[in-house]
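Trainee: the following block contains a protein sequence and its predicted model.
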Amino acid sequence: MAISTPAASAAAVEVSGVGRVFQAKGGSVTALHNIDLRIEPGELFGLLGPNGAGKSTLIKILSTLLLPSSGSASIFGLDVVRDTARVRRIMNLVAGGDFSGYGLLTAREQLAMFAQFYGMPYAEGMRRVDAQIEAFGITDIRDRKISALSTGQRQKLNFARSFLNEPWMLFLDEPTIGLDVSAARDVRERVRAFQAEQPGRTVLLTTHYMAEADEMCDRIAIVDHGRILAQGTPTELKRMVQKETLFIVGVDELPAAVSLGTLRELPGVISVVVRDADGADGNGVGSPVTRLAIALREDAALGGVISALAAAGAHLREISKSEPTLEEVFVQLVGRGISESDSEQAL
Amino acid sequence: MESCSPVQIDLTSRTSRPFGPLRGDAADAARSLIASARLAWAIEGNWAEPFFLLVYLIIRPLAFLGLFLAVLSIGGALNPASIGFVVVGQAVFQIVGAAMQGPTHALLDDRERYRTIRYIFATPSSLLPVSIGRALVKALIAAISAVIVIGVGALIGMPMRAGGPDLPLLLVVMALGLTSIVGLGIALGAVCVQLRNDAWGYPQAVAGSVFLLCGAIFPLDTLPRALQLIGAALPMTWWIEGVRRALLGTASPGLLGELSTPLLLLVLTVGTVLITLAAPRLFRIGIDRAREKGYLDRSTAS
């Protein structure tokens, strides 16, 4: 049955009212509260939140490792509780920071073993194993024992394993945690390439690295204490905390003919302040720059400001649009920074 | 983002078995079992460390054998018949212990030490053949110890069956015994995987208790009546007795020895069938409960 999965029909991930309660000493702990989520085929969706927010719990439920306490969830229309065997054929997962692997096996032997667990005949399995080893650029370690691999090499191997069955749904749970900048970049590039190879491949990424989420994700849900606080594209989320548009305009000096008050009276301008004025660049080279922070009701109002400055004889040196970061979005929604949240969690 | 355009996904080919001519649950299970057996051969054998392997395979079982024979000697009961009784019991129990602890250790190793259980569980392969494969290799390696113990026993005066071992009987009881013990190991693994802490000690505790109850080192008749009944319900009791008859050519002293060999085989067969039917179901229940509790991939350290 070749089925079509347009956005209006089967979602890549459909989560409806999923809750999860853990029994612990001293009572129960609710990790997820009635989560609703829909991820379309082909999306790279991010769950952004501090440790203990419930991100990993949701991924474990979706990857059939954990049963939900309430609600239902499906992957490409397959129920993750009742239809686990079929779900496992079209998904895979990678968790970061767990240093998994059989130290006595070589990298290639471990991948070959997993190929068998996916039911691949030996020749087909080895073809895929070698293809992934090459794709991740780890041919130099293919015959090295896993115990001798670095953290980054192990994680690349883990990713290679996760691509063996060419999953439609890939769950990445903090996949770049503990990796150096170069290894993290390699992994992100490979994920993007893997998704681009076949339309419809979907990725659910959990992270508490704001830049990673901002850079990689088509849409993001911000999660805290088992609840989704907001979701949307990174731009939409940023818009939620910034109602006006902020531009930074640098001029060589503010002409006497134009005052800040004059600029503030222009149509569409909310406020104008001198942000900073420096004499030169850090090396003492260059000419003075005065930077104005101009808040506008809409982008189009910038034209009037620029015209007024030019008419007054100001020389425009630089112009940039200032957007809030995801960190600022997070702080506004959660009430604290993500690093503070992690510190609280650690305590 | 590709979400705007319709995506063609052939769910049938992807969610059934898309690979190769071998199809069906049995083929998939066999493939997983062989793959995990290869893994176990690398891990359990640890052939890279010959000294530790030597200690594990030879010195440890022979040290225990020496201890039991010394106890018999102190009690004035050391004679060829008692040597044969203890040697066979000690030899077979090497395999019993390994096969019983195998599935639990495989599950806990993958959860706690190698941190791979989540990745194996997330494949279409069941953890059942994976655990069985690991247990069988443990049992095979333990069988090397068993052969060494029996060889040493023969050298120190163990009376062997006239005309050599009864190989057909030996093969049948070994096959039945091993199947039933791996089944019990699977059931034990299903219990231990539901425990978050201290699960490592349970298989050893159970195996140690069974060692006392199954007639491995002293006849069943020497136990209190209630323990005799428990011992009689254990498949390893009948397995060890069957091996004794195949190797020594004589039955054990006491009640067990009075039963005919066909009756012994019947009891062992029935027990094995019941365990083989029950073990996979118990395993599935155990895994589901671990999944429900959230313990399946949760290491003790987390």
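Mentor: Happy to help now that I have it. Residues are numbered from 1 along each chain as shown, chains lettered A, B, ... in the order given.

Trainee: assign a three-state SS to the closest residue to chain B within chain A, would you?
Mentor: Among residues of chain A, the one nearest chain B by C-beta to the nearest C-beta turns out to be residue A:42. It sits 2.9 Å away. All C-beta spots, glycine's among them, are computed from the backbone N, C-alpha and C. Under DSSP: H, G, I helix; E, B strand; the rest coil, the three-state class of residue A:42 is coil.

Trainee: shaky segments in the stretch 151-300 of chain B?
Mentor: The stretch 151-300 of chain B contains residues with pLDDT under 70 at B:197-198.

Trainee: closest residue of it to chain A?
Mentor: Of all residues in the stretch 151-300 of chain B, residue B:292 sits closest to chain A, with a separation of 4.8 Å (C-beta to the nearest C-beta).

Trainee: ok, for that residue, nearest residue in space, not its chain neighbours?
Mentor: The spatial neighbour of residue B:292 that comes closest, neighbours along the chain excluded (C-beta to C-beta, 6 or more residues apart in numbering or on different chains), is residue A:67 at 4.8 Å.

Trainee: equivalent analysis for residue A:111, please.
Mentor: For residue A:111, ignoring the flanking residues on the chain, the nearest one in space by C-beta to C-beta, 6+ apart is residue A:129 at 4.2 Å.

Trainee: state whether the one you found is indeed within a strand.
Mentor: No: using three-state DSSP, the secondary structure at residue A:129 is helix, not a strand.

Trainee: from residue A:165, how far out is it?
Mentor: As defined by C-beta to C-beta, to the nearest Å, residue A:129 lies at a distance of 12 Å from residue A:165.

Trainee: the residue nearest to residue B:292 reaches residue B:291, doesn't it?
Mentor: Yes: here residue A:67 lies in contact with residue B:291, judged by C-beta atoms under 8 Å, at a distance of 5.2 Å.

Trainee: so these two - more neighbours on which side?
Mentor: Per other C-beta atoms under 10 Å in any protein chain shown, whichever of residue A:67 and residue B:291 has more neighbours is residue B:291, with 22 against 18.

Trainee: give the buried residues for whichever strand or helix holds that one.
Mentor: Assigning secondary structure by DSSP states H and E places residue B:291 in helix B:261-293. Taking 16 or more other C-beta atoms under 10 Å in any protein chain shown as the basis for neighbour counts, the residues of helix B:261-293 that come out buried are B:264-265, B:267-269, B:271-272, B:275, B:279-280, B:282-283, B:286-287, B:289-291, B:293.

Trainee: next: stretch A:38-49.
Mentor: Neighbour-count burial for stretch A:38-49, counted by 16+ other C-beta under 10 Å, picks out A:39, A:40, A:41, A:42, A:43, A:44, A:45, A:46, A:47, A:48, A:49.

Trainee: how far off centre is that stretch?
Mentor: Remark: stretch A:38-49 is offset 9 Å from the chain centroid, using C-alpha atoms, centre = their mean, to the nearest Å.

Trainee: mean confidence for it?
Mentor: Confidence over stretch A:38-49, taken as the mean pLDDT, stands at 95.

Trainee: how about stretch B:78-91?
Mentor: 91.

Trainee: got it, and stretch A:177-188?
Mentor: Averaged over stretch A:177-188, pLDDT sits at 87.

Trainee: now do the same contact list for the residue most central in space within chain B.
Mentor: Geometric centre of chain B, nearest residue: residue B:99, 1.5 Å, by C-alpha atoms, centre = their mean. In this structure, residue B:99 makes contact with B:135, B:136, B:138, B:139, B:142, B:178, B:181, B:182, B:185, judged by C-beta atoms under 8 Å, 6 or more residues apart in numbering or on different chains.

Trainee: nearest residue to the fifth one other than its sequence neighbours?
Mentor: Taking C-beta to C-beta, 6+ apart, and ignoring the residues beside it in sequence, residue B:142 has residue B:98 as its nearest neighbour in space, at 3.6 Å.

Trainee: and the one you found, what pLDDT?
Mentor: Residue B:98 is assigned a predicted lDDT (pLDDT) of 91.

Trainee: can you tell me which of the contacts of residue B:99 are in helices?
Mentor: B:135, B:136, B:138, B:139, B:142, B:178, B:181, B:182, B:185 (DSSP state H).

Trainee: just give the number of residues close to the third one.
Mentor: Counted with other C-beta under 10 Å, the neighbours of residue B:138 add up to 28.

Trainee: who are the contact partners of it?
Mentor: When contacts are counted by C-beta under 8 Å, 6+ apart, residue B:138 touches B:40, B:44, B:98, B:99, B:101, B:102, B:105.

Trainee: OK, contacts around the fifth one?
Mentor: Right, residue B:101. If you count contacts by C-beta under 8 Å, 6+ apart, residue B:101 has them with B:138, B:185, B:188, B:203, B:204, B:207.

Trainee: what's the closest of the residues you listed to residue A:226?
Mentor: Using C-beta to C-beta, residue B:188 is the member of these that sits closest to residue A:226, with 35.0 Å.

Trainee: the closest one touches residue B:104, doesn't it?
Mentor: Yes: when contacts are counted by C-beta under 8 Å, residue B:188 is listed as touching residue B:104 (5.5 Å).

Trainee: next, the residue of chain A closest to chain B: phi, psi?
Mentor: As for residue A:42, its main-chain torsions (degrees, to the nearest 10) stand at phi 90, psi -10.

Trainee: ditto for residue A:17
Mentor: Recorded main-chain torsions at residue A:17 are phi 60, psi 30, according to degrees, to the nearest 10.

Trainee: show me which residues of the stretch 101-250 of chain A sit near chain B.
Mentor: Taking C-beta under 8 Å from any C-beta of the partner chain as the contact definition, the stretch 101-250 of chain A meets chain B at A:101-105, A:109, A:112-114, A:116-121, A:124, A:158, A:161, A:165, A:168, A:199-200, A:218.

Trainee: still on that earlier bit, out of the contacts of residue B:138, which one has the weakest pLDDT?
Mentor: Sorting the contacts of residue B:138 by pLDDT puts residue B:44 at the bottom of the list (76).

Trainee: ok, now which ones touch it?
Mentor: Residue B:44 makes contact with B:134, B:137, B:138, B:141 under the criterion C-beta under 8 Å, 6+ apart.

Trainee: follow-up on the earlier one: now for residue B:188 and residue B:104: what residues contact both?
Mentor: Residues touching both residue B:188 and residue B:104 by C-beta under 8 Å, 6+ apart: B:202, B:203.

Trainee: distance check, the residue nearest to residue A:111 against residue A:198.
Mentor: In this structure, residue A:129 and residue A:198 are 19 Å apart, going by C-beta to C-beta.
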